[in-house]
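# give me coordinates for this.
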Amino acid sequence: MTSTESHRPTKPARSWRRRLAIFTLKWGLVASIWGGFVGLVFVAWCAYDLPDVSKLNEIKRRASVSLLASDGSLIASYGDLYGSAVALRDLPPYLPAAVIATEDRRFYDHFGIDLKGLARAVYVNLREGRWVQGGSGITQQLAKNIFLTPERSLHRKGQEVLLALWLEQNFTKDQILELYLNRVYFGAGTYGVDAAARKYFGRPASEVSLFEAAMLAGMLKAPSRYNPLNDKALSRDRARLVLQSMVSAEMIDADLAEAAATMTAPSVSKEAHGQIGQFYADWVLDQVSSFVGFAEEDLIVETTLNPARQRMAEQHLTAIIAEKGPAQKASQAALVAMTPEGAVEAMVGGVSYRDSQFNRATQAQRQPGSAFKAFIFAAAFESGRFGPSSRMMDAPIKIGKWQPGNYNDKYYGDVDLREAFARSLNSVAVRLSEQTGRKNVIATAQRLGITSPISGDASIALGTSEASLLDMTTAYAVFAHQGRGVWPYTINRITTRSGNVLYERSGSGPGRVAGGMAVNQMLDVMAAVTGWGTGKKAALDRPTYGKTGTSQNFRDAWFIGFTADLVTGIWVGNDDNSAMDQVTGGSLPVEIWHDFMADALAGTPARDVVRPAGGYLAAPVTQAPTELSPAPAAVPEEAPSGIGALLDSILGGGSESSGGSGGTQQPAAKPRLNEERPGRD
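Model prediction:
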């Protein structure tokens, strides 16, 4: 026997191996058949309820509402906002490169499924024992975004794979990438790279910088977390990681990435971020449905907001409250600025929208104090019995058990109504209200624009009935609008994104609500307030009119004033209605008003308010009268009662009370209202 023959397998051994090979082939074939069958069943299971791929271009989402300022800039957007579809060729090349480097580095090399990336994701998830990494490439993400829900399940994953393969068979890589960039979610309700660029950077996607492109790509991992509106620092850090990924993928060189990474922040407009006018935007949004009802299309709302003046309003209000508020125990303020016709150009509802979204300009009801005296004097002037030069005694007065007083119990004796208004003399306001008739005062206030309930007791003269800053500012606008009524408005036009006009403003208000002579007389006394009275710090380089107001215990401080071009109201106080430390209408409110108005009207030619035709045209007195020694305490006056009150009422001079006729029903006792010191700044 040769050596070769000695090592030759025996016949039983060869037979065993042959049987093993046949067994393996047989059952391998069976397993393959069953595996194929199971695979086909799985594919059929995933495919039987696949979405209709013919609806590729349909977008199912909440309709968006975009608010535009008067200059066309974006104030805010609500709902799901899609930008204009952009072609890949129109984008800077580093933008799609940043997305590929971050989301799918082998995008141009795989067939729709990145097997290597998928294997890595499976390994990481098994190692961690939980779902921490996804293996979907751009094509799979597009399939999910367009056709599927975010649900994590085997069925949904199978459908994602099938749809990704379909997309790869029917579209080029560039078309898939373009579709992805126009559909992917970037946070803050924005879909598509163009909407995101406009939302976060105030410019179209075709104009973003390298760092901004990296920031956009960085958002895709967690849009709500990494968008700059949520956390600017985190968004910038994420963008720097994207730049490093681009270097690793050899898409940009290290020097360029380093230069871009040194940027502290992208160039961003506040308007694009919605960082100005947020109280205003919320207020406008609440009104949209009343104009157009429920809309299924995207809406473009063109508003009256003036971005420059809005920014000035926020800056001056927050700066003065931050600087002087703590020392005087004043923590909140609000501002409304409108044209004499009622177009609201600026609104600040509080010192910080982030801390509180409660709008103190429209939602808060506070006591206007002596700012309410404008309606008393207007009613008195309209009666024809009084004018700015009419004289009245400034002395203590008592009505029933209620005895109001002037600030610091200082009285001026015999004064004209111009001086009484300019110095904000409480006793004169009470006498004038009683002689004019409280019902007439209430009717005048409501006719001019006060919509909240007004109490009919004697304390009405000192502004104890609450009102909103918006209502008060609107009512004062009547004096700047030649006595014509004002309806405050914010919306000029509402269109769909396709250009269909749903609403366009027309009309000019309710018509004349105050007589021409009374309006001119009110301009006379209001000029005295800013010329030498309690609001003299409001004086500008042009004719200025207004009235201060301070409620009891310094809880509320107001100044509402106007020029020919702008009517602005200011309120200062605390949300818990606690007392401030000697804050009057002539202090913080006037300071905010003056600084804002001086800035807002810079460059606007100085002119006077247009007077109504005919009527009282006397030039306002711009110098304070010679101050007399305080009058001695007079005998308190009792409200007339019985037949005397009836006769007085018949003759037009009787007091009116909420409880009955002829003034016999006396009001409940009220705490004294602290008003600004007569003649005090």
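# for residue 310, give me its contacts.
69, 276-277, 280, 345-347 (CB atoms under 8 Å, 6 or more residues apart in numbering). (Glycine included, C-beta is placed from N, CA and C.)
# try residue 598
540-541.
# per-residue confidence for it?
Listed pLDDT for residue 598 reads 98.
# ok, residue 516 next?
93.
# and the least confident of the contacts of residue 310?
Of all these, residue 276 has the smallest pLDDT value, namely 87.
# are we agreed that it is in a helix?
No. With DSSP: H, G, I helix; E, B strand; the rest coil as the criterion, residue 276 is coil rather than part of a helix.
# my read: residue 182 touches residue 88, true?
No. With contact defined as CB atoms under 8 Å, residue 182 does not reach residue 88; the gap is 9.6 Å.
# okay, the contacts of residue 310 in TSV with neighbour count and distance to residue 564 next?
Below are those laid out as TSV (neighbours: other CB atoms under 10 Å; distance: CB to CB, whole Å):
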residue	neighbour count	distance to residue 564
69	23	23
276	27	26
277	28	24
280	29	23
345	25	15
346	28	17
347	30	21
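# who has more neighbours out of residue 182 and residue 88?
Neighbour count, other CB atoms under 10 Å: between residue 182 and residue 88, residue 182 has more, with 21 against 15.
# so what's that one closest to, chain neighbours aside?
Residue nearest to residue 182 in three dimensions, not counting chain neighbours: residue 192, with 4.6 Å by CB to CB, 6 or more residues apart in numbering.
# sorry, back to before: in helices, which of the contacts of residue 310 appear?
Using DSSP state H, residue 280 are the members of the contacts of residue 310 that sit in helices.
# tell me the contacts of residue 475?
Residue 475 neighbours (CB under 8 Å, 6+ apart): 374-375, 445, 448-450.
# which of the residues you listed lies closest to residue 491?
residue 449 (18.6 Å; CB to CB).
# and for that closest one, the neighbour number?
Residues lying near residue 449 (other CB under 10 Å) number 24.
# hang on, it packs against residue 484?
No. Applying CB under 8 Å as the test, residue 449 and residue 484 come out as separate, 11.5 Å apart.
# overlap in contacts, these two.
residue 478.
# which of the contacts of residue 475 tops the neighbour count?
Taking other CB under 10 Å as the neighbour criterion, residue 375 ranks highest of these with 30 neighbours.
# checking my notes, that one in a helix, right?
Yes. Under the criterion used here (three-state DSSP), residue 375 sits inside a helix.
# contacting residues for the residue nearest to it when sequence neighbours are not counted?
The shortest distance from residue 375 to any residue other than its chain neighbours is 4.0 Å, reached at residue 445 (CB to CB, 6+ apart). Taking CB under 8 Å, 6+ apart, we find residue 445 in contact with 372, 375, 454, 475.
# nearest to residue 429, of those?
residue 372 (8.7 Å).
# that closest one: neighbour count?
28.
# and what of residue 206?
Counted by other CB under 10 Å, the residues lying close to residue 206 total 16.
# distance of the nearest residue to it once chain neighbours are set aside from residue 201?
Excluding the flanking residues, the one nearest residue 206 by CB to CB, 6+ apart is residue 90, at 5.1 Å. Separation of residue 90 from residue 201 (CB to CB, to the nearest Å): 16 Å.
# how about the secondary structure of the residue nearest to residue 375?
Per three-state DSSP, residue 445 ends up helix.
# coming back round to it: quick check: the farthest pair among the contacts of residue 445?
454 and 475 (11.8 Å).
# before we move on, the earlier item: now, which of the contacts of residue 445 sits nearest residue 297?
Scanning the contacts of residue 445 for proximity to residue 297, where the rule is CB to CB, the winner is residue 475, at 37.4 Å.
# how far does the helix or strand the closest one falls within sit from the chain's center?
Secondary-structure element containing residue 475, defined by DSSP states H and E: helix 469-480. In terms of CA atoms, centre = their mean, to the nearest Å, the centre of helix 469-480 is set 21 Å apart from its chain centre.
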